[in-house]
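**Student:** Below is the sequence, then the predicted model.
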Amino acid sequence: MQILSFDIGGSKIAYALVDENGKILKPVQTVPTPQTAEEIEHILQNATAQYDYDACALATAGVVFEHKLQGKPNNLPKGYDAIDFAKVFKAPYIVENDANAAMYTEYKIGNLRGVKNGIMLTLGTDTGCGIISDGKILHGKCGAVGEYSFPFSGRSLKRLAAEHGSDLSDCFAIYAAAQRGEATARAAYHEWEENLISGLKMLNALLDTEVFVLSGSLSKIVDYAKVTTTLALLQPHNPAVVKPAICGTDAGIIGAALLAAESL
């Protein structure tokens, strides 16, 4: 089975042909996300003309329920949620939230493999959250599970740096300065790390998870041993392990394709 799979976010659209096992068959194509829904639809139409495929899959920003967007995502243009994907794809297709799709890749072939209850948090400019419960993606009543502004995003770290008196506005520069022992950066990073641990503690108390996987650019600045050890001390009755994601930036494309292969 060959699935033409897309990952649409606020900054870029990526797509590739993927088989039923999650193998990318041809190089991933990437274009900047345009400013209008009409241009996005045009990109999708051009992509479908390039390949022979059996089905399509779409990982997208925004709340998705039963393969339908539940409104316009904040980071995509007006009218995006009105695109008729059935008309564009002209083949069986599925639509899934991008955080859920990326998490599903980790669940099938990454650091959530073999786990029945796991959570993936995407740490970028903002945060994303995907949850596996009893081996299934948790969606809730309308697909809004995980749509929460956690206080450990890139925006949060920058805000904390400013509040502590640092003039640094790049997250990796803040982290590097903290590692060098600069007081303002170290205070900001410590508070950000404490927010991360508190968030994991809360999620674990609610969902009793086995493994947290962290993806996104800021997952590289997390001290996994420290965070896991701290969680175990705080919640010795149901400790969770914290690991980095290993499936990379193509996880959304792969996960959407895997979901399509299983359901179509």
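**Tutor:** The structure has been received and is ready for your questions.

**Student:** and the residue nearest to Tyr53 when sequence neighbours are not counted, what helix or strand is that in?
**Tutor:** Spatially, and ignoring its direct neighbours in sequence, Tyr53 is nearest to Leu4 (4.1 Å; C-beta to C-beta, 6 or more residues apart in numbering). (C-beta placed from N, C-alpha, C; glycine too.) Leu4 belongs to strand 2-8 when assigned by DSSP states H and E.

**Student:** go on, Thr184?
**Tutor:** Using DSSP H and E, Thr184 sits in helix 183-207.

**Student:** Equivalent analysis for Leu214, please.
**Tutor:** Going by DSSP H and E, Leu214 is in strand 211-215.

**Student:** Please parse this protein into its domains.
**Tutor:** 2-102+249-263, 113-244 (automatic domain parsing).

**Student:** could you pull out the strands for the stretch 151-264 of the chain?
**Tutor:** For the stretch 151-264 of the chain, strands defined by DSSP state E, counting those that start in this stretch occupy the ranges 211-215, 241-244.

**Student:** winner for burial among those strands?
**Tutor:** When the strands of the stretch 151-264 of the chain are scored by mean count of other C-beta atoms under 10 Å, the highest mean neighbour count falls to strand 211-215 (a mean of 25).

**Student:** what distance separates that one from the middle of the whole chain?
**Tutor:** Its chain's C-alpha centre lies 10 Å from the corresponding centre of strand 211-215 when counted by C-alpha atoms, centre = their mean, to the nearest Å.

**Student:** And for stretch 83-101?
**Tutor:** 17 Å.

**Student:** The nearest residue to Phe65 once chain neighbours are set aside in helix, strand or coil?
**Tutor:** Distances taken as C-beta to C-beta, 6+ apart put Gly143 closest to Phe65, at 3.2 Å, once the chain neighbours are dropped. With DSSP: H, G, I helix; E, B strand; the rest coil as the basis, Gly143 sits in coil.

**Student:** now Gly143: how far from Gly62?
**Tutor:** 9 Å (C-beta to C-beta, to the nearest Å).

**Student:** residues shared between the contacts of the two?
**Tutor:** Jointly contacting Gly143 and Gly62 under the rule C-beta atoms under 8 Å, 6 or more residues apart in numbering are Gln70, Asn97.

**Student:** middle-most residue in this structure, spatially?
**Tutor:** Taking C-alpha atoms, centre = their mean, the centroid of the chain lies closest to Ala99, which sits 3.2 Å from it.

**Student:** For it, give me phi and psi.
**Tutor:** Main-chain dihedrals, Ala99, degrees, to the nearest 10: phi -70, psi -40.

**Student:** Next: the one 5 residues further on.
**Tutor:** Comment: the main-chain dihedrals of Tyr104 come out as phi -70, psi -30, following degrees, to the nearest 10.
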